[in-house]
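In: sequence first, then the predicted structure, then my questions.
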Amino acid sequence: MHTFRLLDLNIFSGSLEQALRIIDNRVRKKRQTTIFTPNLHHLALMSRDAEYKNIYRTADTLFIDGMSVAWLLHYKYRIHPERINGTNLVASLLPLCVRKEFKIFFLGSSVNVQQKLKLMLTRTYPALHFDLYAPPVRHDFTEKDKRIIFQRIRFFRPDILLVGFGAPKQERFLYQAKRILKVPVRIAVGGAFDYLAGVRPRAPSWMQQHGLEWFYRIVHEPRRLIPRYLKYDAGFIFSLALGDLRLL
């Protein structure tokens, strides 16, 4: 596996096609695997939260979600890693699951998004074996919430579990559920469900390729994203600019 060290994390630097082969292999071998998709916001959270960083270190594989992570790897190693963001990864996983008859579970987002996502999946991939569940939206799940979530997943017995709670909640959930849910492949995918369901618009391809998707998202969701970028991401970038790049 092609990995490079960045901020004490081993980050996969291969292609989307190689990433899909890894997932395919792990499912077929029933090898339990947790996959996170780091972006700048995740790195910023880790710089402030040691517990979150330790959780991130427990992941078996890290795929590059944010272009900024790819840039940092390029700065350190002079490589050009491919960005494998959550939405593109899930979109590419769906036809793979149809071909291999893998069962896939979508956990997260809202009931409205899940309904739209279910309609899209049924129309586009009629042979796909899938189930969905949108748990109550709260900062922390109650024990009853967790019990219902675990029951739904165990009953369906998926090969792949996609969790879209957003960071850091989704990574913490997968870490806590690791010994409870015996799902071969578990992936934290952020807001992928919203984009796949068509609830949130994606940036044009040229903006994604040039690392400008963050700007597109700010323009469309300023009230949600500007405070986040100012509180966490901007400070992290500033600390790197002041000379902490040597710590990469």
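Out: Here it is on my side, so go on.
In: run the chain-centre distance for stretch 41-61.
Out: Its chain's average C-alpha position is 13 Å from that of stretch 41-61, according to C-alpha atoms, centre = their mean, to the nearest Å.
In: ends of it, what's the gap?
Out: End-to-end distance of stretch 41-61 (C-alpha to C-alpha, to the nearest Å): 18 Å.
In: now the residue most central in space within the chain, nearest residue through space, not along the chain?
Out: Nearest residue to the geometric centre of the chain (C-alpha atoms, centre = their mean): Val189, 2.6 Å. Closest residue to Val189 apart from its sequence neighbours, by C-beta to C-beta, 6 or more residues apart in numbering: Gly86 at 3.7 Å. C-beta: built from backbone N, CA, C; applies to glycine.
In: and for Val90?
Out: Closest residue to Val90 apart from its sequence neighbours, by C-beta to C-beta, 6+ apart: Ala192 at 4.8 Å.
In: residue contacts, the one you found?
Out: Listed by C-beta atoms under 8 Å, 6 or more residues apart in numbering, the contact set of Ala192 reads Gly86, Thr87, Leu89, Val90, Leu162, Gly164.
In: number of nearby residues for the nearest residue to Leu40 once chain neighbours are set aside?
Out: Closest residue in space to Leu40, ignoring its immediate chain neighbours: Ser68 at 4.1 Å, by C-beta to C-beta, 6+ apart. Using other C-beta atoms under 10 Å, Ser68 has 22 neighbouring residues.
In: how about the one 5 residues further on?
Out: A count of neighbours around Leu73, defined by other C-beta under 10 Å, yields 20.
In: just the element for it, please.
Out: Assigned by DSSP states H and E, Leu73 belongs to helix 67-77.
In: mind listing what's buried along whatever helix or strand comes next after that helix?
Out: Using DSSP H and E, the helix or strand that directly follows helix 67-77 along the chain is helix 86-100. Neighbour counts over helix 86-100 (16 or more other C-beta atoms under 10 Å) mark Gly86, Thr87, Asn88, Leu89, Val90, Leu93, Leu94, Leu96, Cys97, Val98 as buried.
In: residues in contact with helix 86-100?
Out: 16, 19-20, 23-24, 27-28, 37, 63, 65, 102-104, 121, 124-125, 127-130, 159-160, 162, 164, 187-192, 195-196, 202.
In: now with 7 Å, please.
Out: The contact list for helix 86-100 (C-beta atoms under 7 Å, 6 or more residues apart in numbering) reads 16, 19-20, 23-24, 37, 63, 65, 104, 125, 127-128, 160, 162, 189-190, 192, 195-196, 202.
In: tell me how far Ala188 lies from Tyr195.
Out: 15 Å (C-beta to C-beta, to the nearest Å).
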